[in-house]
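1. Based on what follows, work out the 3D shape:
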Amino acid sequence: MVDAPRRTPTDENDVLVHVDNVSVRFGRNWTLRNINLKIPRGQTLVLLGESGCGKTVLMKTVIGLVKPTEGRILYDGRDLATLPDREITALRTRFGFVFQQAALFDSMTIEQNVAFPLRQHTAKGRDELRRIVMQRLAEVGLPDNVVTKKPAELSGGMRKRVGIARALAMSPEIMLYDEPTTGLDPIMSDVINELILAVRRQHPVTSIVVTHDMHSARKVADRVVMLYPFARLGDRDSQVLYDGPPKGLDHAPDRRVGQFVRGEAGDRLMEMRERAMQRDTMTL
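-> Presented below is the predicted three-dimensional model:
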């Protein structure tokens, strides 16, 4: 496959998702604080950062699976918090979610897995369901003979591709990928990257990709937003360390961005040593 050209949305003012001063707290612990993002229609946004920085929580907040403690999520200008449950349910059919471990139903065949959202939300007949399933599986490069198999009979990479096919079944407006290359070897990881690019070429989708994989981020992103764990922020620090094109990551002024990009322990190692020394002091 050939890499898709970088696309800039035709109108940066055509905002599909607006994360408006969003903070999220679980019990006494804050995960997100004062996050502001405008995601134009057609953009591929990569949420980058180390484990525990709130990437997946932010993605789930965008689609209404997590409610903001403060702030609001606007979808096409409408506040999700003000929509009745019926409209929220209908809205979610416009989202395609690719889970970290594919999250396929073990007891179902591959055909049944891909057809599942169509059976739940549409009244399509058997022939139409079959046609859509075969089309989506072909888009992710899987042969026809996988339809009768169970997920346990497929490799990890094939299960990921089935997950993408299922997410595409409803022709979504937004595709969300949660750590799509985790657990895969470098070659299969790049296959998944190519599929993300292919989905963007073939469908009019806005995409949000959560990852800590720098190769994936550089390859698929129009825009990268890097988050930092809230627990390690100062009172006035922004949780967003970087917001811009992938090519700017190497020259970001915040040294924490460079340390993450290069895979250097840097400040984190110093923090771990300081905490260890504090614990030792308290035990004396």
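2. hey, where'd the helices end up in the stretch 51-200 of the chain?
-> Secondary structure of the stretch 51-200 of the chain, counting by DSSP state H, counting those that start in this stretch: helices at 55-62, 85-92, 110-121, 126-139, 156-168, 186-202.
3. What's the first helix or strand after the last one?
-> On the C-terminal side of helix 186-202, the closest following helix or strand by DSSP states H and E is strand 206-211.
4. and Val22, how many neighbours does it have?
-> Each residue near Val22 was counted by other Cβ atoms under 10 Å, and the total is 23. Every C-beta, even on glycine, is put in place using the N, C-alpha and C of the backbone.
5. Ile208 too?
-> A total of 25 residues lie near Ile208 under the criterion other Cβ under 10 Å.
6. Surely Val140 is in contact with Ile164?
-> Yes - between Val140 and Ile164 there is a contact at 5.2 Å, judged by Cβ atoms under 8 Å.
7. and the two? which has more neighbours close in?
-> Between Val140 and Ile164, Ile164 has the larger neighbour count (other Cβ under 10 Å), namely 26 against 22.
8. rank the helices of the stretch 51-200 of the chain by mean pLDDT and give me the bottom one.
-> Across those, helix 85-92 has the smallest mean pLDDT, namely a mean of 85.
9. What lies in contact with it?
-> Outside helix 85-92, the residues that touch it by Cβ atoms under 8 Å, 6 or more residues apart in numbering are 63-64, 75, 80, 83.
10. Which one of these is nearest to Gln259?
-> Ile63 (30.7 Å; Cβ to Cβ).
11. Burial check on that closest one, number of neighbours?
-> 20.
12. Which one (most neighbours) among the contacts of helix 85-92?
-> Neighbour counts for the contacts of helix 85-92 peak at Tyr75, which has 22 neighbours (criterion: other Cβ under 10 Å).
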